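J.: Structure, please.
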Amino acid sequence: MTLSSSHHRELGITGRPFVGGRFLLDTAGTPVQHINPSTGKPQADLYLGAAVEIDKAVEAARVAQKQWVAMTPYARIGCFKRLGALLGEHAEQLAFLGARESGIPVSIPLLPMAQSWIDHYMGWIDKIEGSYVGESFPAPGFSYTRREPYGVVGVIIPWNGPLIAACMMVMPAIAAGNGVVLKPPALAPFVALRLAELVLQAGFPAGLFNVVPGEAEAGEALVAHPQVGKIAFTGGEGVARRVMLGAAANLKPVALELGGKSANLVFEDADLDGAVIQAVYGALALSGQGCVNPTRLLVHRARYDEVVARAAAVADSIKVGDPFAPDTVSGPVICQAACDRILGNIESAKREGRLVAGGQRMGGDLEAGFFIRPTVFADVVPESFLAQNEVFGPVLAITPFADDAEALAIANGTRYGLGAYLHTQDIDRAHAFAEQLEAGYINVNGFASMAPMSPFGGYKQSGFGRVGGWAGMEEYLQLKNVFVARREVRS
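T.: Below you'll find the model as predicted:
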């Protein structure tokens, strides 16, 4: 497959921190080259932010946040409405930037999902309520509660699906009345920077939403900043521990959405036509670079051989290639380091399971990019490295089970607890497993929708805190109690 001429176009956006409504031209750092994952070649200069830029961004957010909460709820809702419309008007550019920076195929309809998060959270702006308690002890009086923003929230997102990640994390924070400093990674900065421009264009106060691409120094400065009231982090376990340690210095609350090794249970009565398609495409979506992807396929022995054969065939049929091709389903992985790591995991897994599909890096016209064939392993032992660890690449592990008890034990037998899936026609079994599976998100006979009106988050080592629904708003609101003493009335 010859790569599209779209890989030779200028990106059309400045690779500098966007702070206070403008791109900073006086950053201290020297530029780094951003690599196109489809070509393996430099495509733009990127000026990363560090502690100085984080300081400027926090101050800009602090000032703009006061302007934001002074606006009427209806004026704030209007800003959200205009932002949703602007995303639609710039859909082609946002898809272009996503394909260039992250290798996300333009065929994947991410924009409507991003707009749905904007639409949902603007609906909460005028519905933030408190409660009333009529009597208090020991003095007579009454209490009421207020929900108030933190002021400035720091948001750290990963490189997979930056438009969705930004809208999921930033929109509820702003709807709750906060200013935001967003730190996207150096691997995927451009979609977030363009979103910041559109936020300003939609009429939000300049500085309410700031974007500082950076690495560890910027992230550590954001987490430790005394004027940042809360941190919301999406990423891996190792960095999450550093985030918690950094936040501890100021006793700062954090919300963590971390990795997963989500189990997908296919029982003997499952509809295999739907289950296998969802299992393979779900696991390998975005080249397997998704936190809640069902990367462990657990199958009842009565249907095991059939599912393995079907899964291998579906994986082999997935179109891998140029993210600008309209029929491409899977693009490249994010970078050379990720490609090398994933291929290393595949080689190791050949000693733990039976390779039935894929397992190689793509050659030919795609050789210079970071393309890996969709890979399926069968007969994977539950205790193996592949079954226990997040690969974050296009790799699916299939394991058999004998009965419901074994299925549940295998599904719950990892340190993760982000998502779990099951396919069965038995409604009693479905509800029983939904109660017993140790995961924050359970999907029955379907695939992850990440709906903005529903809470999403993890159990165990997959983090804590929620995005979506009212629970997502509560993450960015503090609860205040106000007691009003009542003077004794004398006759």
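J.: element containing the most centrally placed residue in the chain?
T.: The chain has Ala165 as the residue nearest its centroid, 4.4 Å off, counting by CA atoms, centre = their mean. Counting by DSSP states H and E, the element that carries Ala165 is helix 162-175.
J.: Could you name the helices and strands sitting against that helix?
T.: Helices and strands touching helix 162-175, by 3 or more CB pairs under 8 Å, 6 or more residues apart in numbering; DSSP states H and E, are helix 73-89, helix 91-102, helix 110-122, strand 152-156, strand 179-183, helix 190-201, strand 230-234, helix 469-474. All C-beta atoms are positioned from the backbone trio N, CA, C, and that covers glycine.
J.: Might you calculate how far the lowest-mean-pLDDT helix or strand in the chain sits from the centre of the chain?
T.: For the chain, using mean pLDDT, DSSP states H and E, the weakest element among its helices and strands is strand 132-133, scoring a mean of 92. Distance of strand 132-133 from the chain centroid (CA atoms, centre = their mean, to the nearest Å) equals 37 Å.
J.: one step back: hang on, isn't the residue nearest to the centre of the chain packed against Leu182?
T.: No. Checked against CB atoms under 8 Å, the pair Ala165 and Leu182 is beyond contact range at 9.5 Å.
J.: hey, what's in contact with both of those two?
T.: Shared contacts of Ala165 and Leu182 (CB atoms under 8 Å, 6 or more residues apart in numbering): Ile157.
J.: what's the pLDDT at the residue nearest to the centre of the chain?
T.: Note on Ala165: pLDDT of 95.
J.: Name all residues that make contact with it.
T.: Contacts of Ala165 by CB under 8 Å, 6+ apart are 157-158, 234.
J.: Including neighbour count, pLDDT and distance to Val482, could those residues go into a markdown table?
T.: Shown next, in a markdown table, are those (neighbours: other CB atoms under 10 Å; pLDDT from 0 to 100; distance: CB to CB, whole Å):
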| residue | neighbour count | pLDDT | distance to Val482 |
| --- | --- | --- | --- |
| Ile157 | 25 | 97 | 35 |
| Pro158 | 23 | 95 | 39 |
| Thr234 | 22 | 97 | 34 |
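J.: can those go into TSV with extra columns for distance to Glu101?
T.: Conversion of the contacts of Ala165 to TSV gives the following (distance: CB to CB, whole Å):
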residue	distance to Glu101
Ile157	13
Pro158	12
Thr234	17
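J.: Quick check: bridge partners of Pro400?
T.: Val299 (DSSP bridges).
J.: List the contacts of stretch 127-135.
T.: For stretch 127-135, contacts defined as CB under 8 Å, 6+ apart pick out 141-147, 176-177, 473, 477.
J.: Ile118: how many residues sit nearby?
T.: 25 (other CB atoms under 10 Å).
J.: Now do the same contact list for the residue nearest to it when sequence neighbours are not counted.
T.: Distances taken as CB to CB, 6 or more residues apart in numbering place Gly84 nearest to Ile118, at 4.5 Å, with adjacent residues excluded. Taking CB under 8 Å, 6+ apart, we find Gly84 in contact with 115, 118-119, 122.
J.: quick check, nearest of those to Gly359?
T.: Among the contacts of Gly84, Gln115 lies closest to Gly359 (CB to CB), at 37.5 Å.
J.: For the closest residue to the closest one other than its chain neighbours, give its distance to Val199.
T.: Leaving aside its sequence neighbours, Gln115 sits nearest to Gly84 (CB to CB, 6+ apart; 4.9 Å). Computed as CB to CB, to the nearest Å, the Gly84 to Val199 distance reads 11 Å.
J.: Kindly report the same for His90.
T.: 12 Å.
J.: re earlier: elements contacting whichever helix or strand comes after the least confident helix or strand of the chain?
T.: Next helix or strand after strand 132-133 toward the C-terminus (DSSP H and E): strand 141-149. When contacts are defined as 3+ CB pairs under 8 Å, 6+ apart, strand 141-149 sits against strand 132-133, strand 477-485.
J.: What strands flank strand 141-149, and is each parallel or antiparallel?
T.: Strand 141-149 has the following sheet partners, assigned by DSSP bridges: strand 132-133 (antiparallel), strand 477-485 (antiparallel).
J.: Name the residues of the longest one that are buried.
T.: Spelled out, that is strand 477-485. For strand 477-485, the neighbour count (16 or more other CB atoms under 10 Å) marks Leu477 as buried.
J.: Would you mind listing the outside residues contacting it?
T.: In contact with strand 477-485 (CB under 8 Å, 6+ apart) are residues 128, 136, 139-150, 176-177, 229.
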